[in-house]
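In: The sequence and its predicted three-dimensional model are supplied below.
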Amino acid sequence: MSKYWSPLAASLVPYVPGEQPKNKKFIKLNTNENPYPPSPKALEAIREAANGDLRLYPDPTCDALIRKIADYYGVRPEQVFVGNGSDEVLAFSFAAFFNPAEPILFPDVTYSFYKVYAEFFGLKAELIPLNERFEVPFEQFERQNGGIVLPNPNAPTAILAPLDAFRGLLARNPDHVVLIDEAYIDFGGESAVKLVHEYPNALVVQTLSKSRSLAGMRVGFAVGSEELIEGLNRVKNSFNSYTLDRPALAAAIASFEDEAYFRQTVERVMLTREAVTDKLRQMGFHAADSGANFVFITHPKVAAKKLLDSLREQGILVRYFNQPRISNHLRVTIGTDEEMDAFIAALQTIL
Ligand code: PMP
């Protein structure tokens, strides 16, 4: 606490990101990064951008990337917004669409940044508990609200919900935005992007950090009706009109141009995920089917904290969850086959 801080700064409870170790000795399975590099075409585009006009500001309207994303998803460019990682797109969405007069709804448990943003923007939040199978209870979201935020698949549970559940919610909530955070949708889920043609209140947010291996470049985007995208642009242009830098724009465009590489790496991660889930179940872990690039696990006989600490001693980082609704769990990012073999071998020394 400092006397120089505003009441806002003093009141904040900031998000704590997963550990990013400064040396490379760890196998990193703690922040849901992709174990494979970005497309070689994206890397080449970054080199070209770096050799190009970095002294000039980037395109403030991000036209070329927006057109690329619009083509890719079969929507109009006026229906696409891009930002510095989906975290920024989420922040702008909270500012643009949610009204402090009514509570916004999101699940308990979910991506913990939602709560941080709600507090930052002075919004009331109502947290809707997951059911006993850790699924999102869609019927519980049918209540008075000022907007809804739902990730699909949810994090950290990795559980996917069917698109029909979103259709119902969107139809019965026409006066408020339903934000669907699809950070992990490419790992086997069906995207809600197609719903933006039917529902003007649907905002679908995605990222290039996971399935496209560009976490280090910070690129996220939203697809929605023109009026929602216009709302996001109002917020963006009142805050920082140059959101994406030149290398990030170039890398993102090139990534969408390399569909074969994208499919190949996503499929690789999904195959590894299925093999690892089988092995973990054979070892006595409970693991729900995952629709993401991570698995969420607990062992009935061994404390997750013990596993976390011992894995760390063996050079492997995973994320530990011990909250009232999800106690004694680990979230483990899917790495390469070699990394996951090392993870399983490390577990075998503990169990
Ligand atoms: N949404 C969810 C559900 C996430 O897990 C993450 C990654 N931590 C993000 C959004 C943000 O991703 P990024 O800012 O890298 O696009």
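Out: Done, it's in.
In: Just the helices from the stretch 1-150 of the chain, written as ranges.
Out: In the stretch 1-150 of the chain, the segments counted as helices under DSSP state H, counting those that start in this stretch are 7-11, 40-51, 63-73, 85-97, 113-120.
In: was I right about residue 28 contacting residue 333?
Out: Yes - applying CB atoms under 8 Å as the test, residue 28 and residue 333 come out as touching, 7.3 Å apart. Every residue, glycine included, has its C-beta placed from N, CA and C.
In: who's more crowded, these two?
Out: Set side by side, residue 28 and residue 333 show more neighbours around residue 333, with 27 against 19, by other CB atoms under 10 Å.
In: Tell me the bridge partners for that one.
Out: Applying DSSP bridges to residue 333 gives these bridge partners: residue 294.
In: OK, contacts around it?
Out: By CB atoms under 8 Å, 6 or more residues apart in numbering, the residues touching residue 333 are 28-33, 35, 293-294, 318.
In: can you tell me which of the residues you listed are in strands?
Out: 28, 294 (DSSP state E).
In: and which of the contacts of residue 333 is nearest the ligand?
Out: Closest approach to the ligand among those (CB to the nearest ligand atom): residue 32, at 6.1 Å.
In: Please name the residues that touch residue 325.
Out: With contact set as CB under 8 Å, 6+ apart, residue 325 has these partners: 108-109, 129-130.
In: Okay, now the unreliable bits of the stretch 251-351 of the chain?
Out: By pLDDT under 70, the stretch 251-351 of the chain contains no weakly predicted segment.
In: for it, what spans make up the strands?
Out: Using DSSP state E, counting those that start in this stretch, the strands found in the stretch 251-351 of the chain span residues 286-287, 294-298, 316-317, 319-323, 326-333.
In: Out of those, indicate the one that is most buried.
Out: Compared across these, strand 294-298 shows the largest average neighbour count, a mean of 24 (mean count of other CB atoms under 10 Å).
In: As CSV, the strands of the stretch 251-351 of the chain with distance to residue 225 would be great.
Out: Formatted as CSV, those follow (distance: least, CB to CB, whole Å):
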stretch, distance to residue 225
strand 286-287, 37
strand 294-298, 31
strand 316-317, 40
strand 319-323, 35
strand 326-333, 33
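In: I'd guessed residue 153 sits against residue 292; true?
Out: Yes - here residue 153 lies in contact with residue 292, judged by CB under 8 Å, at a distance of 4.8 Å.
In: overlap in contacts of the two?
Out: Contact with both residue 153 and residue 292 is made by residues 184, 187, according to CB under 8 Å, 6+ apart.
In: who's more crowded, these two?
Out: Ranked by neighbour count (other CB under 10 Å), residue 153 and residue 292 place residue 292 first, with 32 against 26.
In: so what's the residue of the stretch 251-351 of the chain at minimum distance from the ligand up against?
Out: Residue nearest to the ligand within the stretch 251-351 of the chain: residue 292 (8.6 Å; CB to the nearest ligand atom). Contacts for residue 292 (CB under 8 Å, 6+ apart) come out as 32, 153, 155, 158, 184, 187.
In: so which of the contacts of residue 325 comes closest to residue 136?
Out: Looking at these and their distance to residue 136, the nearest is residue 130, at 6.4 Å (CB to CB).
In: check contacts around the closest one.
Out: Residue 130 makes contact with 107-109, 136-137, 154, 157, 325-326 under the criterion CB under 8 Å, 6+ apart.
In: again, but for residue 316
Out: 26-27, 29, 342-343, 346 are the contacts of residue 316 under CB under 8 Å, 6+ apart.
In: Now for those, which sits with the most neighbours around it?
Out: If you count neighbours using other CB under 10 Å, the busiest of these is residue 29, which has 25 neighbours.
In: Strands along the stretch 101-250 of the chain, start to end?
Out: Using DSSP E, counting those that start in this stretch, strands in the stretch 101-250 of the chain cover 104-108, 125-129, 148-151, 178-181, 202-207, 220-223.
In: Show me the one of the ones you listed that comes nearest residue 9.
Out: Across these, closest to residue 9 is strand 125-129 (CB to CB), at 20.0 Å.
In: Name the residues of the closest one that are buried.
Out: Using 16 or more other CB atoms under 10 Å as the test for burial, strand 125-129 gives 125-128.
In: Which secondary structure elements does that strand sit against?
Out: strand 104-108, helix 113-120 (3 or more CB pairs under 8 Å, 6 or more residues apart in numbering; DSSP states H and E).
In: try 10 Å this time
Out: When contacts are defined as 3 or more CB pairs under 10 Å, 6 or more residues apart in numbering; DSSP states H and E, strand 125-129 sits against strand 104-108, helix 113-120, strand 148-151.
In: Quick check: closest non-adjacent residue to residue 304.
Out: Spatially, and ignoring its direct neighbours in sequence, residue 304 is nearest to residue 328 (4.6 Å; CB to CB, 6 or more residues apart in numbering).
In: Surely residue 230 and residue 200 touch.
Out: No - checked against CB atoms under 10 Å, the pair residue 230 and residue 200 is beyond contact range at 11.7 Å.
In: sorry, back to before: just the contacts of residue 292 now: which is nearest the ligand?
Out: Nearest to the ligand, judged by CB to the nearest ligand atom, of these is residue 155 at 4.2 Å.
In: I'd guessed that closest one sits against residue 32; true?
Out: Yes - if you go by CB under 10 Å, residue 155 and residue 32 touch, sitting 7.9 Å apart.
In: Now do the shared contacts for those two.
Out: The contact sets of residue 155 and residue 32 overlap at 183-184, 292, 294, 331 (CB atoms under 10 Å, 6 or more residues apart in numbering).
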